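> show me how the following folds:
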Amino acid sequence: MRRLIPFLPKPPVVPVIRLQGTIGMGARSLSDAALAPVIERAFSRGKPVAVALAINSPGGSPAQSSLIAARIRRLADEKKIPVHAFVEDVAASGGYWLATAADDIWADESSLLGSIGVISAGFGFPEALAKLGVERRVQTAGRSKSLADPFKPQTEADLARIRALIEPLHEIFIAQVKARRGARLDATADLFNADVWLGRQAQALGLIDGIGHLKPKLMELYGPKVRLLPLGQRRGLMQRLGLSLVDSAVAAVEDRALWARYGL
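Next up is the predicted model:
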């Protein structure tokens, strides 16, 4: 009926983009390519008064975190639409990077936030191979081509090359947080050592703007009649049925490892 009476005021609409899961290019992960249609739709469908991000992510790929956050920010600036982030269980590492794409960040008192750092992790099996009597044969053109080979002993040269990669990535992450949070950050605190904080602690440090939940806060900002439009990453039929075989099995193990850091 409302559509047949055009002069009646329409309730304000806020699309809600759900960003849940690890960040990367796996079948189960959040990626810029998979989220691009969702993000574009959120900023272009109708005339939204704002866009909300519902975040529950332990992190993942720095590049995908940066790409997703940059896409959100680019559209927000282009359309002049405010963005609000709401953290559920966790917004850590790349998950917090995504939250910084918003103009303000809200969380629950029990939410975990931060982990502003970069990690390079893996396994090494050289002794296991030796016990099995297996010889590793590798030929490379370029001395760094076998960097961090899990079947060879780790060397100081390997460690130096890995540090040369992750330390600049850490600086990029720090620059993102400083650029987006600015003067709200506690300038006296050590925020960039990969520590994780609960909601109230994160608020005191300026990492978030306050304690608040998605629907009540949006009603407070845009009125009790605000209409929320849920949007999320679509998954293929095989993924929904849990039949994506080896790739999904490996991704599931990696996902569990990331979530497990935060007791989830």
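
> for residue 53, give me phi and psi.
phi -110, psi 120 (degrees, to the nearest 10).

> surely it and residue 104 touch.
No. The pair residue 53 / residue 104 is not scored as a contact, 10.7 Å apart, by CB atoms under 8 Å. All C-beta atoms are positioned from the backbone trio N, CA, C, and that covers glycine.

> state the distance from residue 161 to residue 186.
34 Å (CB to CB, to the nearest Å).

> what of residue 227?
To residue 186, residue 227 is 36 Å away according to CB to CB.

> same check on residue 100?
Remark: distance between residue 100 and residue 186 (CB to CB) = 16 Å.

> among the two, which residue is more densely surrounded?
residue 100 (22 against 12; other CB atoms under 10 Å).

> endpoint to endpoint, stretch 78-96 covers what distance?
23 Å (CA to CA, to the nearest Å).

> again with stretch 79-98
End residues of stretch 79-98 are separated by 19 Å (CA to CA).

> tell me which residues of that stretch are tucked away?
For stretch 79-98, burial by neighbour count (16 or more other CB atoms under 10 Å) applies to 81-98.

> in strands, which of these appear?
Secondary structure defined by DSSP state E assigns 83, 84, 85, 86, 87, 88, 89, 90, 91, 92 of the buried residues of stretch 79-98 to strands.

> tell me the centre residue of the protein?
The centre of the chain sits closest to residue 95, judged by CA atoms, centre = their mean, with a distance of 2.9 Å.

> let me know whether it touches residue 54 as I believe.
No. At 11.6 Å, residue 95 does not count as touching residue 54 under the criterion of CB under 8 Å.

> find residues that contact each of the two.
residue 19 (CB atoms under 8 Å, 6 or more residues apart in numbering).

> helices along the stretch 51-200 of the chain, start to end?
Here the stretch 51-200 of the chain has its helices, by DSSP state H, counting those that start in this stretch, at 62-79, 94-99, 126-132, 156-181, 199-205.

> show me where the stretch 51-200 of the chain dips below the pLDDT cut-off.
119-130, 132-154 (pLDDT under 70).

> returning to that earlier point: for the residue nearest to the centre of the chain, give its distance to residue 118.
Distance, residue 95 to residue 118, using CB to CB: 14 Å.

> circling back: pick out whichever of residue 53 and residue 104 has more residues nearby.
Neighbour count, other CB under 10 Å: between residue 53 and residue 104, residue 53 has more, with 26 against 18.

> quick one: contacts for that one?
Residue 53 touches 16, 17, 19, 72, 83, 84, 85, 86, 98, 99, 101, 102, counting by CB under 8 Å, 6+ apart.

> from those, pick the one nearest residue 192.
residue 99 (15.5 Å; CB to CB).

> burial measure for that closest one, as a count.
Residue 99 has 29 nearby residues by other CB under 10 Å.

> and it, what does it touch?
53, 55, 85, 87, 91, 105, 113, 208.

> right, and residue 108 touches residue 56 too?
No. If you go by CB under 8 Å, residue 108 and residue 56 don't touch, sitting 10.8 Å apart.

> those two - which one has more neighbours?
More neighbours surround residue 56 than the other of residue 108 and residue 56, with 18 against 15 (other CB under 10 Å).

> got a list of what that one touches?
Residue 56 neighbours (CB under 8 Å, 6+ apart): 19, 20, 21, 87, 88, 89, 90, 91, 95.
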